[in-house]
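In: Structure, please.
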Amino acid sequence: MSSMSLVAFTAVATLTLLLCVLTGPDRDDLDAFYTGYGSLSPLRNGLAIAGDYISAATVLGTGGVIALCGYDGVVLALSTALSLMLLMFLLAEPLRNAGRFTMGDALARRMPGRCVRITACAVTIAALLPLMLVQLAGAGQLMAFILGFSDESVQTCCVIGLGALMISYAAIGGMKGTALIQILKIVMLLGSGTVVALLILHRFDWNPGALLTAAARGSGAGTAYLHSGLQFTGGPNPRLDMISSELTIVLGGACLPHVTMRMYTAAGARQVRRSMSWAVSGVALFVLIISIVGFGATALVGRSAITAADPQGNTAYLLGSRAAFGADVSTAGTLLFTTVTTALFLTLLASVAGMILACANSLAHDVLATRAKQTPVRREMKLARLSALAIGVPTILLATLVQHHSLQPLATLSFCLGASAIAPALVYGLFWRRYTRAGLMCTLLGGTLTVLLLMPGTNLVSGTPGAAFPHTDFNWFPFTTTGIVSIPAGFLLGWLGTVASGRRGAAEQRRQYEAVEGWILAGAGRRGA
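Out: Have a look, this model is predicted:
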C-alpha cells in the first residue's frame, strides 16, 4: 500500500506541476497572474474557494477533534461552514468591488497611502506564516505515517522537497494555476471522502444512531462524548473557552487573505455570489463527511489507538478511512485508500501554494511595486515571482525547525490574527464611513500585538500535556484561543483610533468614503474605471 501511495504522490506532483506550466501567465500579464482574468466559471471558482478554505490542518485537525471530543468537534466543523457563510453574505461582494489583487488594494481604496499597504502586507504574512508552517511540517509527518518511515532526516527532506514544489506552483502557475490545483484537490477530497463515509455507514447498517453509540463507547468518555464541553474540561472556564474558540473560527477562518483573494477572481457581482454558493455547498458536504469519518474512527479503531498514532488525533481521518474497509482489504479498497491519502497529500500541496501566492502577491504589489510611481508590468511580474521565493524559503527553514513540536498553537495563532486584526479592519473599512487611517492602523497593529501578547499565555503553549511546552507552565491566560479578549480589542482599538482622529479627520474620511461608496457596495464603474 505504501509503494502504491508513493507512486500516486509522484504522479500527482508531476501532473499538477505540468498544469501550472501550461496555465501559467506570460511575463507581462499581471491580471492573469493575480486574478486569472476572472476567467473561471462560478462552479470552478467556487470549488477553488472551497479548496483554499479547506486546508490540511482543517482536515486532519478537525477530524482529530471530532474523533477525540465528539460533539465539540462537530461544533468546530460547523463553525468553519458558518465562517464561509459569513464571508458570503457580508464581505464577498464588497471585497470583490473594493479590491483588485490584494487585501491592501481593498483597504487602500478609501485610504490611499503606502503605509496602509505595507501594514496590510505585514499582517497578511503574520497571519499566514504560522498556518504555512503547520501545513509544511505536517507534510513530513503525513509522509512518514503513510509510507512507514520514521527517520527524522527523511522527514526533513520531504519538507524541503514539498516546499520547493509549492513555491514552484505559486511562482509558475499564479492564480489560475493554483486554482486548478485547488479544484483537483477538492474534487478528490470530497469524492474519496464520500465513498469512505458511505462505507462507514454501511458498517453500521446505515444507522447513524448505532455509529454514535459505538463512537461513544470507543471514546472512553461515555455519554459525555456526545455532549458539549469535553474538549475544554481542563480549563477553569470551559463554557467561556468554547465560546471564544468558536468566535475565533467563525470570524477568523474566512477572513484569512488566501481565502479573500479568491473574491478578486470573479468577473462580476453575480459571479461572486454564485461562486460563494458553490463554495459553501462544498464545505457543508465536507463537514458531513469529516463528521462521519471522525466518529467512524473512534467507533472502529478506538481512542487509545488514535492517540497512540498521534496525541492530537491528526491521523484519525486516515485511521477511520483505513478501518472502513474492514479486516480484509481488497484491491478496490487499496485503490480507494490510496486515493484518500493522495487527496490529503494534494491538500497539503495546494493549501501552502495558495498561502504562498497570497503573501507573494501582497509583498510584490503592496510593498515592492509601490516604491516607484509607475512600475513596469514586466518588472512587477518578476517581483511577484521572486516574492514567492522570498516567502517560501524562510517558511521551509522554519518548518524543519518546528516539525517535531505541537503545531496546534501555530494554527490557532493564524485564526486569532484573522479574527482580531483582519476581520475588524475589513468590516470597518468596507462599511463604516467615519473610519480613518489612524483607526485602521490601530485595528491592524493593535489587534495583531494583542494576539501576540496573549498567545504565549494560553494553554496550547504550556501547562497542559498536549501543549507545545508540556513540561513548563506559564499559562497565565487559561484559554485555548485569545479571541475572548483580542477580538473585542481589535474592534475597540479601531473605534478609539477613529475617535482620536478628531471631527475634522472623520469628516474628511466620510467625504472620501462617499466618493467610492457606490463602487464598494454596488460595484458601480468597477471595470470601467
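
In: quick one: pLDDT of residue 484?
Out: Looking at residue 484, its pLDDT reads 93.

In: what's the neighbour count on it?
Out: 19 (other C-beta atoms under 10 Å). C-betas here are computed from N, CA, C, even on glycine.

In: Give the full set of residues in contact with it.
Out: 240, 241, 243, 244, 247 (C-beta atoms under 8 Å, 6 or more residues apart in numbering).

In: How about the contacts made by the second one?
Out: Translated: residue 241. Counted by C-beta under 8 Å, 6+ apart, residue 241 has contacts 232, 235, 478, 479, 480, 481, 484.

In: Could you look up the SS state of it?
Out: helix (DSSP: H, G, I helix; E, B strand; the rest coil).

In: ok, how many other residues are close to the spatially closest residue to it that is not a sequence neighbour?
Out: Distances taken as C-beta to C-beta, 6 or more residues apart in numbering place residue 232 nearest to residue 241, at 4.4 Å, with adjacent residues excluded. The number of residues packed near residue 232 is 22, by other C-beta under 10 Å.

In: which residues does residue 232 contact?
Out: 72, 238, 239, 241, 242, 245, 480.

In: Report the lowest-confidence entry in the residues you listed.
Out: Among the contacts of residue 232, residue 238 has the lowest pLDDT, at 82.

In: Go ahead and confirm that residue touches residue 229.
Out: Yes - the pair residue 238 / residue 229 is scored as a contact, 5.2 Å apart, by C-beta atoms under 8 Å.

In: Tell me how far residue 347 lies from residue 419.
Out: Residue 347 is 23 Å from residue 419, where distance means C-beta to C-beta, to the nearest Å.

In: Buried ones in the lowest-mean-pLDDT helix or strand in the chain, by neighbour count?
Out: Every helix and strand of the chain was ranked by mean pLDDT, DSSP states H and E. The lowest is helix 30-35, at a mean of 74. Within helix 30-35, the residues that qualify as buried are 30, 31, 32, 33, 34, 35, counting by 16 or more other C-beta atoms under 10 Å.

In: Spatially nearest residue to the third one, not counting backbone neighbours?
Out: The one in question is residue 32. residue 25 (3.4 Å).

In: Do a quick rundown of the helices in the stretch 51-200 of the chain.
Out: For the stretch 51-200 of the chain, the helices defined by DSSP state H, counting those that start in this stretch cover 56-57, 63-69, 71-86, 92-98, 103-108, 114-147, 152-168, 174-203.

In: Show me what the first one is packed up against.
Out: Applying 3 or more C-beta pairs under 8 Å, 6 or more residues apart in numbering; DSSP states H and E, we find helix 56-57 packed against helix 114-147, helix 331-362.

In: Dump those into TSV; add mean neighbour count and distance to residue 374 as well.
Out: Formatted as TSV, the helices and strands packed on helix 56-57 follow (neighbours: other C-beta atoms under 10 Å; distance: least, C-beta to C-beta, whole Å):
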stretch	mean neighbour count	distance to residue 374
helix 114-147	23	14
helix 331-362	24	19
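
In: Using a markdown table, lay out those together with mean pLDDT and distance to residue 447.
Out: Converted to a markdown table, these look like this (pLDDT from 0 to 100; distance: least, C-beta to C-beta, whole Å):
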| stretch | mean pLDDT | distance to residue 447 |
| --- | --- | --- |
| helix 114-147 | 86 | 8 |
| helix 331-362 | 84 | 17 |
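
In: Ok, which of these comes nearest residue 472?
Out: Closest to residue 472 of the helices and strands packed on helix 56-57 is helix 114-147 (C-beta to C-beta; 20.4 Å).

In: That closest one to helix 331-362, inter-axis angle?
Out: 160 degrees (axes from the mean of the first three to the mean of the last three C-alpha atoms, to 10 degrees).

In: if you count what's nearby, which of residue 238 and residue 229 comes out ahead?
Out: Using other C-beta under 10 Å, the more surrounded residue of residue 238 and residue 229 is residue 238, with 17 against 14.

In: Spit out the contact partners of that one.
Out: Neighbour list for residue 238: 229, 232 [criterion: C-beta under 8 Å, 6+ apart].

In: any idea how far it is from residue 230?
Out: The value you get for residue 238 to residue 230, if C-beta to C-beta is used, is 9 Å.

In: wait, which of the helices of the stretch 51-200 of the chain is closest to residue 465?
Out: Of all those, helix 63-69 comes closest under C-beta to C-beta, at 12.8 Å.

In: Please identify which two of the contacts of residue 232 are farthest apart in space.
Out: 239 and 480 (12.4 Å).

In: More neighbours: which of these two?
Out: Set residue 239 next to residue 480 and count neighbours by other C-beta under 10 Å: residue 480 wins out with 23 against 11.

In: looking at this, that one is in a helix?
Out: No - counting by three-state DSSP, one finds residue 480 to be coil, located in no helix.

In: Next, work out how far apart it and residue 243 are.
Out: Distance from residue 480 to residue 243, by C-beta to C-beta: 11 Å.

In: Could you do residue 79 as well?
Out: Counting by C-beta to C-beta, the gap from residue 79 to residue 243 is 11 Å.

In: Counting neighbours around each, name which of these two comes out higher.
Out: residue 79 (19 against 15).

In: ok, the residue nearest to the more buried one when sequence neighbours are not counted - contacts?
Out: In this structure, residue 79 finds its nearest non-sequential neighbour in residue 249, 4.3 Å apart by C-beta to C-beta, 6+ apart. The contact partners of residue 249, by C-beta under 8 Å, 6+ apart, come to 76, 79, 80, 83, 415, 419.

In: now residue 228
Out: 71, 72, 75, 242.

In: helix/strand/coil for it?
Out: Using three-state DSSP, the structure places residue 228 in coil.
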